[in-house]
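Q: pasting the sequence and the predicted model now:
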Amino acid sequence: MFSEETGEVTFASFFELLNSTDFEINYYDKNAKKIDVDFKISNLMELQCIKANHLKSDHCLTESFNKIIKYRYEHTFQNEKREVNKKLKEVNSDLSKNISKNHTDIIQKVLERLISMERMGVQLSADITFDKLIRDLIKYEYIEDSANVPEDQFGLGYTNLVMIIAAIIDYIEKYPDSSFNSKINLISIEEPETYMHSQMQELFIKNTPLYNFLNNKITHKALSGV
């Protein structure tokens with residue numbers, strides 16, 4: 001914004017004017033009728049932002065898909081999770097007996113000789129929980145021809161692209177099943193071309209209609225509860 005009289009930039013004056021002006025936000029329907037003041041624009045739109053530069057480690061894809069699998073166990077496959085927990089209790093019990101027999105007693109005797117522990121003791125036991133198990137359950141690998149390639153051996157552009165896809169899958173999984181959602185669903189991907197070479201950028205652009213498929217998938221899930 002420039003001043004015609006002085007030719008000087010007047011951004012500061014413009015923002016000062018905005019900050020000193022009181023505004024009232026009103027919403028109107030297609031008949032120009034004012035909508036209830038309790039109306040919120042968030043009731044019409046659902047915005048999911050996928051931020052750029054989110055490659056925090058060499059195993060970020062493994063971590064992302066572990067979170068997705070964990071969420072599915074907790075919300076979609078609850079019966080299977082209960083079965084896993086039941087088996088974990090049995091495993092913990094068997095391991096604890098083995099640890100006590102082969103390790104705890106020896107450690108206890110060593111401690112008694114080094115430290116006065118006549119009235120105290122140690123107890124070592126297995127503690128495998130569902131959360132601990134699921135945290136390292138998934139190992140993400142790329143398949144190239146017939147070879148399995150660790151995720152940290154692929155280019156950053158490809159990893160960034162799959163991270164974006166993982167974030168979209170996570171969003172779809174967490175989309176409320178029970179609601180009839182007529183919102184406008186928007187997914188904002190910040191700098192999706194990060195780390196991508198020119199050919200991959202071109203491929204990404206050509207496949208942007210994939211978003212329409214994902215949006216339809218969300219809508220179908222909300223309507224059918226699947």
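A: Thanks, I have it.

Q: what does stretch 157-165 contact?
A: Residues outside stretch 157-165 that contact it (C-beta atoms under 8 Å, 6 or more residues apart in numbering): 50, 54-55, 60-61, 64, 142, 151, 189, 192, 194-197, 200, 204. In this view, the C-beta of every residue, glycine as well, is placed from N, C-alpha and C.

Q: who wins for neighbours among these?
A: L61 (25 neighbours; other C-beta atoms under 10 Å).

Q: that one contacts A166, doesn't it?
A: Yes. Between L61 and A166 there is a contact under C-beta atoms under 8 Å: 6.7 Å.

Q: and M196, what does it touch?
A: 157, 160-161, 204.

Q: what about those, which are in helices?
A: Within those, membership in helices is found for 157, 160-161, 204, as judged by DSSP state H.

Q: can you lay out those residues as CSV showing pLDDT and distance to H103?
A: CSV is the format used below for these (pLDDT from 0 to 100; distance: C-beta to C-beta, whole Å):
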residue, pLDDT, distance to H103
G157, 80, 48
N160, 82, 45
L161, 81, 47
F204, 74, 54
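
Q: flag every buried residue along the longest helix seen in the chain.
A: Criterion DSSP H: the longest helix present in the chain is helix 78-99. For helix 78-99, burial by neighbour count (16 or more other C-beta atoms under 10 Å) applies to 81, 88, 96, 99.

Q: now, which of these sits nearest S146?
A: Set against S146, the nearest of the buried residues of helix 78-99 by C-beta to C-beta is K81 (33.6 Å).

Q: what's the pLDDT at the closest one?
A: pLDDT for K81: 90.

Q: what is in contact with L61 and A166 at once?
A: With C-beta under 8 Å, 6+ apart as the test, L61 and A166 reach no residue in common.

Q: output the below-cut-off pLDDT ranges for the protein.
A: 1-9, 37, 39, 53-54, 116-120, 176-182, 208-226 (pLDDT under 70).

Q: tell me where it has strands.
A: 45-50, 141-144, 147-150, 184-189 (DSSP state E).

Q: any chance of those strands in TSV, plus distance to K70?
A: Formatted as TSV, the strands of the chain follow (distance: least, C-beta to C-beta, whole Å):
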stretch	distance to K70
strand 45-50	19
strand 141-144	19
strand 147-150	21
strand 184-189	22
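
Q: between the ones you listed, which gets nearest to I128?
A: The closest of those to I128 is strand 141-144. By C-beta to C-beta, the value is 24.1 Å.

Q: circling back: what's in contact with the longest helix of the chain?
A: Contacts for helix 78-99 (C-beta under 8 Å, 6+ apart): 73-74, 124-130, 133.

Q: ranges for the helices of the protein?
A: Per DSSP H, the chain carries helices over the ranges 11-19, 60-75, 78-99, 105-114, 130-135, 156-173, 198-206, 210-224.

Q: nearest to I184, of those helices?
A: From the helices of the chain, taking C-beta to C-beta, the stretch that ends up closest is helix 210-224, at 9.4 Å.

Q: what sits against A126?
A: Residues near A126 by C-beta under 8 Å, 6+ apart: 91-93, 95-96, 99.

Q: sorry, slip of the keys, the one I care about is F65.
A: Counting by C-beta under 8 Å, 6+ apart, F65 makes contact with 138, 140, 166.

Q: rebuild those as a markdown table, extending it with neighbour count.
A: Putting those into a markdown table (neighbours: other C-beta atoms under 10 Å) gives the following:
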| residue | neighbour count |
| --- | --- |
| I138 | 17 |
| Y140 | 18 |
| A166 | 19 |
